[in-house]
Every structure is written in C-alpha cells, then in structure tokens.
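Enquirer: turn this into a structure:
(chains A, B, C and D)
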4 protein chains.
Amino acid sequence: MQYEHRLQVRYGETDQMGVVHHANYLLYFEEARTKFLAHLGEPYGELEKQGIALPVRKVDLRFRSPAHYEDELVVMVRVDRITPASVRFAYSIEREDDGVLIATGSTELACIDMRSTPRKARVLPDSITRLFH
Amino acid sequence: MQYEHRLQVRYGETDQMGVVHHANYLLYFEEARTKFLAHLGEPYGELEKQGIALPVRKVDLRFRSPAHYEDELVVMVRVDRITPASVRFAYSIEREDDGVLIATGSTELACIDMRSTPRKARVLPDSITRLFH
Amino acid sequence: MQYEHRLQVRYGETDQMGVVHHANYLLYFEEARTKFLAHLGEPYGELEKQGIALPVRKVDLRFRSPAHYEDELVVMVRVDRITPASVRFAYSIEREDDGVLIATGSTELACIDMRSTPRKARVLPDSITRLFH
Amino acid sequence: MQYEHRLQVRYGETDQMGVVHHANYLLYFEEARTKFLAHLGEPYGELEKQGIALPVRKVDLRFRSPAHYEDELVVMVRVDRITPASVRFAYSIEREDDGVLIATGSTELACIDMRSTPRKARVLPDSITRLFH
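Expert: Residues are numbered from 1 along each chain as shown, chains lettered A, B, ... in the order given. The predicted structure is shown next:
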C-alpha cells in the first residue's frame, strides 16, 4: 500500500544555490506521512492526544536531482518495515511535471509514552500496527 | 479581489508551546501570495527568471488565536496598497473548521533589479501593476 | 538597558534571492531575547517549567539592507514597553563588519497560564516585571 | 582532525513533542561544517563566489537522545571520506552539560559547477582536497 501526497515548493524552502534546501525534505516526508496516516483513519494528532508519540530515530536521505521554487512534487510514502516497537516509512519524491526523481529516503520512528518521566519506549499501539499487517 | 489559499499545519511548524511557531506565519503568507499571483496568471517565479525580484521590506503581524498541528487554515490575501515601486499584501488567516480568526497581517514588497550590482530598486513591472489597478 | 547578541547567518537561512529569507529574522529576534533574559538571570525555559509562557502576539519588522550567508550579525535588544500583562521587545540588527543596518523591529509578548484549559491570559510574573522597571 | 562547534537550541527549533525537531539537526550539521571550513581557512562562501558549490547528496542521521530548548550542544565534525568528486563529513552531537550523546550522522557532498547550465558535477577544487589529505 502506497500513498501519494502532492505539495508545491515554497519560496522560503529554497536556498542561495537556487534549489530546495536539503533539510526541507524531512518536512516533506513528515507531511506525506501525516496525510498517509490521516487517510488510513489514524491521524497522528489523535495518537499524541492519547499520550503516545512516534519520534523519528533514524533518517536516510538521498538527493537525486534538485527541486526548484514552485515545483509541484509528488511524495510517495509506504511502510517498508514494522516491528513491535518501531515503524519505518520509505519515501520517493518525483516532480509532477516531468517525472524526474528528486529524492528517496526513509525515516524510522520509535514509539514513546509521553506521560512517563523520563519518556519511555513502548510498543506501537494496535491502532497503528493493524494498519500495516 | 481576494484570493483564498488552504493549507494544513505541519508538525515541524509547531513549537514546544504546542502551537504553530509565529515565524511560520510568514511562510503561510508567502505561500498564499505565490498562489494568488499564479492564479492571476503571473507566477512569481517567472518574474525572477526575468531578473526582477520583489523582496519583503516591511511586515506586520498580529496573532489572534493559536493554530495547532493538522489544523486546516484558510489564508485570505489581497493587495491593499500599490505604488509605482511597491505593493502591499494584506492577509487574514482563519481555521477552516470553526472559522476562528488566527492571525492578520501585511507584507510590503519592494521591487529590485537582480541583474544590477549592487541590486537597485526599480518600478514594478507592468505585468504586476496592471493586475491590481 | 540593551543587550547585544552576535550570530552568524546559516546557509539554510538564505533563499534563492541570495539573501537571508525574511522569516528568519523572527528567529534571530527570539534568540537575542532568550540570551537577554538568561543574561538577566531569568532564563525563559525556567518560566515555562513553572507553567508560564510568553507567546508573541504582535510583530513589526522592517528590512533595511539584505544580510548574506556567513555574515556576522549583531542583534541589539531592549524592552521598550511593559504593561501588567505584556512586554514589548525592540530590536535592531547590524552587520558586524561594516555596521550596516540590516533590520529593525519589535515583538510584543502576552503572558499565559499554560496549565489552564483553554490557556488563559495572566499578568506577567514578578520575576519578569522587576527586570524592566 | 576534528572540529568542535558549540550552539544553543533556539525556541523555534523545538516542536510540540517538547524537543528539537529532527530536521533542525541538518542545520546544526551545516553550521558546524561551515565553521570547520572557515577555521581551516577555506570559508564555503568564497567557494560559491568562484562558482563552485558543494550540494548535499546523501544524509544519514541517527537520534540517540532528545535535545531541549536552551540546551548547549557540541557538534563534533570531521571528514571521514574524500574522493576526487565528493567529500563526506561525519558528525556527533553531545549536550555540553552532561555529555549525553544526542545524535550522530553524516552528510556526503558532491561538487558542481554553478556556471554550467544545467549544473554539472566536477572534481573538488584543490583548495578543499588538500585540507583533508
């Protein structure tokens, strides 16, 4: 199962090289992941309201071709690995216009109990695991 | 003439107060302005390709109510003042869901010739002024 | 009483115009304000630990000259107005090298009780008001 | 050869989880890299003035422990691999206070000729390669 999210590059996301600054791709990944979970009926915000958070603990990013201001990008996201206490999302970004591959990557998310001090790792809630099995 | 742009708050745009960090509203304004100009047939990116840029030279921002992660926001934008060498956009942001007013503000843009060194102020190109007269 | 904070422009803070993107000035103001309060013995983080927050409710910004990547900037900050329930900081940014004025502005902060739901306005804590009287 | 850069977490760099948002670590890495090159007598800005840029083409990031607002961080940076046309920087971030390891990672930079259209890969300039051999 794969989800496609469309977005358009903001001016403030470019840098003086005239292309999207690399750190912004993590925001694009995050936005796609958010939309994906909401699309599956499990908005991430609801999880946090229950005291459960999914912090990013590992990132992999590879830039294939630069993206520019006003480019329409398609972010494809899917889950490529799930364990009892972590879930990894894989991404691929293409420019809508010409289909050029812009970036690929993955983010691995841990699961924590926000109500513990200090915050402790916990297993993923069933509401999440059942989505990807 | 007013243009409405819809966007959804990204996780990375929140801060530890649990609300959208105030600096991000300038990105929301900018995105709405970009979509407005494109909607009018004058994408801002084209202007820069001709060597003309519209840097922000003045900002006014007033926060009325906090916005949260995943909120759908409506950014209303219009031009409220235009002179031969500057244009001011006025904005108002509401939450889609409940119509609560989130923020209001304005940004005044100058016009510069990017091919001069140092960059010199110049009059707005006709393609822009004719849109708002 | 005025406080001076020095910082250097990050690459990711520039945009394709080749200058610092305007939204970043709010982060520079914020950093200078943070250092100012810490210098006065009242780190802002401590305030939040007590359940008190100072959200920005009004911003004024005026850009005088562009700043560039690697520029060393001096942010001067002072309190120019304090009421029982709000405090306004005024800022002026110059480039260290040549003393050129880059930007001026102000941010007005309200005071809220983070433990109330919804969050309610409250008077500034004495620890803050006594600093500026 | 390793370089240490110190920085303090900005408020706007936190997110609603109450910790530094993961995308900001790429800005911390970048800032440390900038200071490292300047310290070695080869400020990156000079390189771009000669028409040479070093875009990030690969990122690896691993989060070990969260960082918080106002934390003083030490970013350690070194070059761990250099080829004729790329250089990889490795990073490790610790909190100054208690020495806790916050994040580790690497960024691999390609080298491009900014004056070619489209921009072409090229070998690293001697001024950079001689620093790390």
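
Enquirer: same for the helix or strand harbouring residue A:92, what does it pack against?
Expert: Using DSSP states H and E, residue A:92 maps to strand A:86-95. Here strand A:86-95 touches helix A:24-39, strand A:72-83, strand A:101-110, going by 3 or more CB pairs under 8 Å, 6 or more residues apart in numbering or on different chains; DSSP states H and E. Using the backbone N, CA and C atoms, a C-beta is placed for each residue, glycine as well.

Enquirer: tabulate those in TSV, adding columns for mean neighbour count, distance to residue A:60 and mean pLDDT.
Expert: Shown next, in TSV, are those (neighbours: other CB atoms under 10 Å in any protein chain shown; distance: least, CB to CB, whole Å; pLDDT from 0 to 100):
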stretch	mean neighbour count	distance to residue A:60	mean pLDDT
helix A:24-39	22	10	98
strand A:72-83	17	11	98
strand A:101-110	20	5	98
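
Enquirer: ok, which residues in chain A are in contact with chain D?
Expert: For chain A, the contact set with chain D under CB under 8 Å from any CB of the partner chain comprises A:16-17, A:19, A:22-24, A:26-27, A:30, A:48, A:53, A:55-63, A:66, A:105, A:114, A:119.

Enquirer: among those, which lie within strands?
Expert: Mapping those onto strands (DSSP state E) picks out A:53, A:56-63, A:105.

Enquirer: can I get these in CSV with distance to chain B?
Expert: Putting those into CSV (distance: CB to the nearest CB, whole Å) gives the following:
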residue, distance to chain B
A:53, 10
A:56, 10
A:57, 15
A:58, 17
A:59, 13
A:60, 18
A:61, 15
A:62, 20
A:63, 19
A:105, 15
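
Enquirer: using CSV, write out every CA atom in the strand holding residue A:92.
Expert: Taking Å, rounded to 0.1, in the frame of the first residue of the first chain, the C-alpha atoms of strand A:86-95 are listed here in CSV:
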residue,chain,number,x,y,z
SER,A,86,9.1,0.8,15.5
VAL,A,87,7.9,1.5,12.1
ARG,A,88,9.9,2.6,9.1
PHE,A,89,8.4,4.7,6.3
ALA,A,90,10.1,4.8,2.8
TYR,A,91,9.7,7.7,0.5
SER,A,92,10.3,8.7,-3.0
ILE,A,93,9.8,12.2,-4.4
GLU,A,94,9.2,13.0,-8.1
ARG,A,95,8.5,16.2,-9.9
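
Enquirer: what is the orientation angle of that strand with strand A:56-63?
Expert: On the basis of axes from the mean of the first three to the mean of the last three CA atoms, to 10 degrees, strand A:86-95 is oriented at 20 degrees to strand A:56-63.

Enquirer: mind listing what strand A:86-95 pairs with, with the direction of each?
Expert: strand A:72-83 (antiparallel), strand A:101-110 (antiparallel) (DSSP bridges).

Enquirer: neighbouring contacts of the last one?
Expert: If I follow you right, that is strand A:101-110. A:25-26, A:29-30, A:33, A:54-67, A:73, A:80-81, A:85-95, A:121, D:59 (CB atoms under 8 Å, 6 or more residues apart in numbering or on different chains).

Enquirer: right, and residue A:119 touches residue A:113 too?
Expert: Yes. Between residue A:119 and residue A:113 there is a contact at 6.4 Å, judged by CB atoms under 8 Å.

Enquirer: output the below-cut-off pLDDT ranges for chain A.
Expert: Applying pLDDT under 70 to chain A flags no residue at all.

Enquirer: against the centre of it, work out the most remote residue.
Expert: The C-alpha centroid of chain A is most remote from residue A:117, which lies 26.6 Å away (CA atoms, centre = their mean).

Enquirer: so it sits in a helix?
Expert: No. Per DSSP: H, G, I helix; E, B strand; the rest coil, residue A:117 lies outside any helix segment and is coil.

Enquirer: now do it against residue A:54, distance only.
Expert: Separation of residue A:117 from residue A:54 (CB to CB, to the nearest Å): 19 Å.

Enquirer: for residue A:108, same thing?
Expert: Separation of residue A:108 from residue A:54 (CB to CB) stands at 10 Å.

Enquirer: for residue A:83, same thing?
Expert: Note on residue A:83: its distance to residue A:54, by CB to CB, is 13 Å.

Enquirer: is any part of the helix or strand where residue A:46 lies close to chain B?
Expert: Assigned by DSSP H and E, residue A:46 belongs to helix A:44-49. Yes. Applying CB under 8 Å from any CB, one finds helix A:44-49 touching chain B at A:44-45, A:48.

Enquirer: from those residues, pick the one nearest chain D.
Expert: Closest approach to chain D among these (CB to the nearest CB): residue A:48, at 7.4 Å.

Enquirer: how many other residues sit next to that closest one?
Expert: Residue A:48 sits with 18 neighbouring residues when counted by other CB atoms under 10 Å in any protein chain shown.

Enquirer: could you do residue A:115 as well?
Expert: Neighbours of residue A:115 (other CB under 10 Å): 10.

Enquirer: that one contacts residue A:50, correct?
Expert: No. Between residue A:115 and residue A:50 there is no contact under CB under 8 Å: 9.4 Å.

Enquirer: a markdown table for the strands paired with strand A:86-95, including distance to residue B:132?
Expert: A markdown table is the format used below for those (distance: least, CB to CB, whole Å):
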| stretch | distance to residue B:132 |
| --- | --- |
| strand A:72-83 | 26 |
| strand A:101-110 | 34 |
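
Enquirer: ok, residue A:81 - contacts?
Expert: A:87-88, A:108.

Enquirer: list the buried residues of stretch A:48-60.
Expert: By neighbour count on 16 or more other CB atoms under 10 Å in any protein chain shown, the buried set for stretch A:48-60 is A:48, A:52-60.

Enquirer: just the C-alpha atoms of that stretch, please, in CSV.
Expert: Extracted in CSV, the C-alpha atoms of stretch A:48-60 (Å, rounded to 0.1, in the frame of the first residue of the first chain):
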residue,chain,number,x,y,z
GLU,A,48,-0.5,12.3,20.8
LYS,A,49,-3.7,13.3,22.5
GLN,A,50,-3.7,9.8,23.9
GLY,A,51,-0.1,10.3,25.2
ILE,A,52,1.7,8.3,22.5
ALA,A,53,4.3,9.8,20.3
LEU,A,54,6.3,8.5,17.3
PRO,A,55,9.6,10.3,17.3
VAL,A,56,11.9,9.9,14.4
ARG,A,57,15.0,8.0,15.4
LYS,A,58,16.8,7.3,12.1
VAL,A,59,16.9,9.1,8.8
ASP,A,60,18.2,8.1,5.4
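
Enquirer: and chain C, is that stretch touching that?
Expert: No. Contact of stretch A:48-60 with chain C (CB under 8 Å from any CB) is absent, the minimum separation being 12.5 Å.

Enquirer: so what touches that stretch?
Expert: A:26, A:44, A:47, A:86-88, A:105-115, A:119, A:122, A:124-125, A:128, B:69, D:16-17, D:19, D:22, D:59-63, D:66, D:105.

Enquirer: so residue A:73 makes contact with residue A:93?
Expert: Yes. Taking contacts as CB under 8 Å, residue A:73 lies within contact range of residue A:93: 5.4 Å.

Enquirer: hey, what's in contact with both of these two?
Expert: Between them, residue A:73 and residue A:93 share the contacting residues A:28, A:67, A:102, judged by CB under 8 Å, 6+ apart.

Enquirer: ok, residue A:2 - how many residues close by?
Expert: 10.

Enquirer: let me fix that, I meant to ask about residue A:132.
Expert: Around residue A:132 there are 15 residues (other CB under 10 Å).

Enquirer: how about the contacts made by the closest residue to it other than its chain neighbours?
Expert: The spatial neighbour of residue A:132 that comes closest, neighbours along the chain excluded (CB to CB, 6 or more residues apart in numbering or on different chains), is residue A:79 at 4.5 Å. Residue A:79 makes contact with A:1, A:87-90, A:131-132 under the criterion CB under 8 Å, 6+ apart.
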